[in-house]
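[1] Model the following, please.
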Amino acid sequence: MKKRVLFLCVGNSARSQLAEALLRHQAQGQFDVFSAGTQPEPIDERTLTLLQKNDLDTSELRSKSVSEFSGQSFDFVISLCEKSTQECQSFPLADKIIAWDYPDPRIESGTRGFEQTFRELNERIKMFVLVQSKDIND
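    Residues are numbered from 1 along each chain as shown. A predicted model of the protein is given here:
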């Protein structure tokens, strides 16, 4: 059975969308991957542009509220900002809550913050997939 992963941030417009697309791509069907926000906003165009530039599928991405997942269970809930970590500490059906705190790339004009967040998430997610694959195969 696939492990379920939910990425959380406040707006679900940048960091969590990047993470969702990256994990989907890297895990190649090993996980069911979702993202949500505590106060969802439309996906930032720079998020979609960066993902498309890196040949990642954006067709299933949409901004969602964490309430959409109420009552669902997850193996991992990964918070990507301090505010969502605080707001979701009591996510009721999470086996593990992990906090990866990234600054909001939307506060900068241009794409540099998005590119940096993308690179850092890409490396961290590679490690996450490697560790989880090892756990599954052991």
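
[2] can you count the residues close to Gln26?
    17 (other C-beta atoms under 10 Å). C-beta: built from backbone N, CA, C; applies to glycine.

[3] Could you say which helix or strand holds it?
    helix 15-27 (DSSP states H and E).

[4] model confidence over that helix, on average?
    Throughout helix 15-27, pLDDT has a mean value of 96.

[5] what's in contact with it?
    Residues outside helix 15-27 that contact it (C-beta atoms under 8 Å, 6 or more residues apart in numbering) are 5, 7-9, 31, 33-37, 43, 47, 50-51, 56-58, 60-61, 63, 78, 80-81, 102, 104-105, 114, 117-118, 121-122, 125-126, 128-129.

[6] so how far is that helix off the chain centroid?
    With C-alpha atoms, centre = their mean, to the nearest Å as the basis, helix 15-27 stands 6 Å off its chain's centre.

[7] try stretch 12-28
    On C-alpha atoms, centre = their mean, the centre of stretch 12-28 falls 5 Å from the chain's centre.

[8] cool, and stretch 53-68?
    Counting by C-alpha atoms, centre = their mean, stretch 53-68 comes out at 9 Å from the chain centroid.

[9] tell me the angle the helix or strand just after the helix holding Gln26 makes with helix 15-27.
    As assigned by DSSP H and E, the chain's next helix or strand after helix 15-27 is strand 31-37. In terms of direction (axes from the mean of the first three to the mean of the last three C-alpha atoms, to 10 degrees), strand 31-37 departs from helix 15-27 by 170 degrees.

[10] How about strand 31-37, which residues are buried there?
    Within strand 31-37, the residues that count as buried by 16 or more other C-beta atoms under 10 Å are 31, 33-37.

[11] Could I get the buried residue list for stretch 43-63?
    Those would be 43-44, 46-47, 50-51, 56, 58, 61, 63, for stretch 43-63 by 16+ other C-beta under 10 Å.

[12] Now distance to Gln26, pLDDT and secondary structure too, for those, in JSON lines please.
    Formatted as JSON lines, the buried residues of stretch 43-63 follow (distance: C-beta to C-beta, whole Å; pLDDT from 0 to 100; DSSP: H, G, I helix; E, B strand; the rest coil):
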{"residue": "Ile43", "distance to Gln26": "20", "pLDDT": "96", "secondary structure": "coil"}
{"residue": "Asp44", "distance to Gln26": "22", "pLDDT": "95", "secondary structure": "coil"}
{"residue": "Arg46", "distance to Gln26": "21", "pLDDT": "95", "secondary structure": "helix"}
{"residue": "Thr47", "distance to Gln26": "17", "pLDDT": "96", "secondary structure": "helix"}
{"residue": "Leu50", "distance to Gln26": "16", "pLDDT": "96", "secondary structure": "helix"}
{"residue": "Leu51", "distance to Gln26": "13", "pLDDT": "97", "secondary structure": "helix"}
{"residue": "Leu56", "distance to Gln26": "10", "pLDDT": "95", "secondary structure": "coil"}
{"residue": "Thr58", "distance to Gln26": "15", "pLDDT": "94", "secondary structure": "coil"}
{"residue": "Leu61", "distance to Gln26": "16", "pLDDT": "95", "secondary structure": "coil"}
{"residue": "Ser63", "distance to Gln26": "22", "pLDDT": "96", "secondary structure": "coil"}
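
[13] Nice, that's everything, thank you.
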